[in-house]
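> Below is the structure, and that's it, no one-letter string:
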């Protein structure tokens with residue numbers, strides 16, 4: 001071996017020996033330095049149990065690492081092993097190439113209090129007043145074989161009382177390239193402490209900024225979202241689990257052009273108010289997404305299917321259970337929006353495109369809804385079960401149609417057909433409601449409130465056709481009732497209408513114990529005093545008052561007799577017998593009395609107050625003749641009242657009225 005070769009060999013061996021010596025010495029020195037100078041490095045106490053440096057291989061291993069909170073005793077972040085290997089020769093070409101990066105059993109606790117986090121002091125430690133260097137880096141960066149295993153992250157929002165626990169987080173990334181020449185692929189999986197898991201597959205090309213993401217969410221609990229809903233809702237309980245299988249594709253340079261499609265479903269939803277009263281419960285909500293285009297504000301939904309939805313609506317004198325749910329009192333210290341912010345928001349809103357929504361298929365299956373009215377003297381409870389609804393091609397910009405079927409108490413049936421627009425509800429609406437076989441007793445709380453008498457029997461059918469054209473409502477309501485009966489008047493109830501309901505029903509019923517009524521409703525829905533139900537009851541009440549206070553006219557109409565002929569029966573003051581016309585009217589009155597044995601025919605003879613004794617005597621004789629003839633026609637004395645009244649009117653004859661027996 002020549003001298004030159006020996007010298008080269010000695011140099012190589014010396015360098016190798018130096019690397020070995022540096023590796024042996026560097027590890028304990030580095031460990032000691034880190035443990036003693038954590039505050040200088042990151043502003044926190046650091047503890048490393050083992051640290052291994054292999055300068056020859058460009059590899060560093062750290063075991064049992066811990067970063068502490070500002071108090072120096074509570075652990076903020078720990079991990080079991082960090083293993084990093086770098087290609088040293090690549091550094092000479094200004095390329096950082098990490099062969100592998102393995103980090104196992106990371107455990108980190110994140111605390112938030114307002115806008116402060118428990119790692120804020122670490123960020124502040126690295127802040128500098130010097131201007132940032134904006135010169136582009138000439139280095140190429142490549143990270144290969146990244147494995148993050150069995151991570152645990154605890155997040156706690158101390159102000160909102162929200163806590164998220166992520167468990168068994170596993171991230172696998174074959175490579176992340178910052179040279180712009182290759183495509184990055186990454187996969188992330190994590191498990192949640194409350195149950196559920198998240199997995200993703202990410203594909204990204206730096207040169208074009210294109211990305212492609214698959215996301216799968218399994219049994220993700222929505223309970224932790226409750227803490228954030230309390231700003232806008234008075235939520236007592238929120239439970240449920242989300243499953244999702246979504247695909248997103250786009251470009252980071254134009255993130256709003258991203259498209260999303262896939263499926264999302266929510267299972268076991270349970271929403272309750274602060275009193276633990278159920279507001280909404282649902283076994284499953286399934287949404288299939290054809291395409292969501294953020295830039296166009298376009299949502300193309302293939303289908304929405306809702307199974308076993310259960311909800312309730314409580315009406316109170318001041319609002320409802322839903323208005324109470326959203327009636328959240330704001331903190332007095334909360335800052336109001338400044339004019340400049342408002343102007344900015346308005347300008348942004350003007351630039352954004354209108355929502356373009358289409359739901360190609362909507363189905364509601366086996367659901368129920370209960371209506372509670374607490375404004376009445378007696379609580380009104382009305383359950384609607386086995387609700388089924390279907391609609392196709394629901395849009396915000398065109399006409400829509402929906403059909404709904406439901407079961408009412410005691411075997412009743414409800415059918416709803418709706419057509420209309422959603423972008424402007426006041427422009428055009430058509431609603432047809434059909435109710436069959438509804439028991440009137442179920443409506444007694446309303447009849448007591450408005451009429452002070454409960455229904456004790458009767459079957460009710462109802463057809464309502466309502467249209468809205470530019471806020472003007474027109475409703476046609478047809479009522480069909482079989483064998484209606486009412487109980488005694490409740491004297492302790494201050495009813496909206498004071499009418500003899502029992503008497504009115506007697507008049508309205510035909511020989512088959514049926515009542516058929518048509519009740520029109522008109523009004524402008526923009527009027528704050530407009531109330532559909534009040535208008536219906538007012539119209540119905542006016543009809544009942546009119547019928548009850550003049551039952552003979554109502555019966556006459558039912559018999560096809562002209563009611564105007566039964567209001568006044570002319571008689572000449574000196575007349576002794578009856579004319580054919582007078583016989584005819586009395587015969588009509590007899591038919592009315594025979595039709596309803598509860599009616600009393602009242603005939604009051606009108607005599608001038610200046611009449612002489614002879615005329616008065618003739619009037620008494622005429623009354624006797626009228627009674628006798630009516631009895632001959634079959635009218636008992638219990639159904640007839642014939643009296644005389646002195647008037648100033650020159651018109652003589654009998655004023656005819658009627659009433660029901662007390």
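Thanks, I have the structure now. These figures come from a predicted structure and were not determined experimentally.
> Break down the stretch 401-550 of the chain into its strands, ranges please.
412-421, 428-439, 455-469, 472-486, 514-524 (DSSP state E, counting those that start in this stretch).
> With the stretch 101-250 of the chain instead?
Secondary structure of the stretch 101-250 of the chain (DSSP E, counting those that start in this stretch): strands at 107-113, 116-117, 140-157, 162-177, 183-192, 197-205, 210-221, 235-251.
> What residues of stretch 621-637 count as buried?
622-623, 626-627, 629-630, 635 (16 or more other C-beta atoms under 10 Å). Heads up, the C-betas are built off the backbone N, CA and C, glycines and all.
> With stretch 270-282 instead?
Across stretch 270-282, burial judged by 16+ other C-beta under 10 Å covers 270-273, 278-279, 281-282.
> again with stretch 651-662
652-660.
> now that stretch: how far from the chain's centre is it?
Centroid displacement of stretch 651-662 relative to its chain, using C-alpha atoms, centre = their mean, to the nearest Å, is 57 Å.
> again, but for stretch 605-620
Distance of stretch 605-620 from the chain centroid (C-alpha atoms, centre = their mean) equals 74 Å.
> cool, and stretch 420-440?
Averaged C-alpha coordinates place stretch 420-440 at 18 Å from its chain's average position (C-alpha atoms, centre = their mean).
> how about it: buried residues?
Neighbour-count burial for stretch 420-440, counted by 16+ other C-beta under 10 Å, picks out 420-421, 426, 429, 431, 433-436, 438-440.
> Just the residues contacting it, thanks.
394-400, 408-419, 447, 455, 457-471, 481, 484, 525-526 (C-beta atoms under 8 Å, 6 or more residues apart in numbering).
> between the buried residues of stretch 420-440, which is nearest residue 126?
Ranked by distance to residue 126 (C-beta to C-beta), those are led by residue 421 at 56.6 Å.
> I'd like to know which helix or strand in the protein has the lowest mean pLDDT.
Using mean pLDDT, DSSP states H and E, the weakest-scoring helix or strand in the chain turns out to be helix 339-351, at a mean of 47.
> after that one comes which helix or strand?
Downstream of helix 339-351, the first helix or strand assigned by DSSP states H and E is strand 356-373.
> Now find how far off-centre the following helix or strand past that following strand is within its chain.
Later in the chain than strand 356-373, the nearest helix or strand by DSSP H and E is strand 380-395. Relative to its chain's centre, strand 380-395 lies at 13 Å (C-alpha atoms, centre = their mean).
> and strand 380-395, average pLDDT?
Averaged over strand 380-395, pLDDT sits at 94.
> which residues touch it?
309, 357-373, 400-409, 414, 422, 442, 445-446.
> what's the closest of the strands of the stretch 401-550 of the chain to residue 141?
Across the strands of the stretch 401-550 of the chain, residue 141 has its closest neighbour in strand 412-421 (55.2 Å, C-beta to C-beta).
> measure the closest residue to residue 631 other than its chain neighbours to residue 552 for me?
Leaving aside its sequence neighbours, residue 631 sits nearest to residue 637 (C-beta to C-beta, 6 or more residues apart in numbering; 7.2 Å). Taking C-beta to C-beta, to the nearest Å as the measure, residue 637 falls 17 Å from residue 552.
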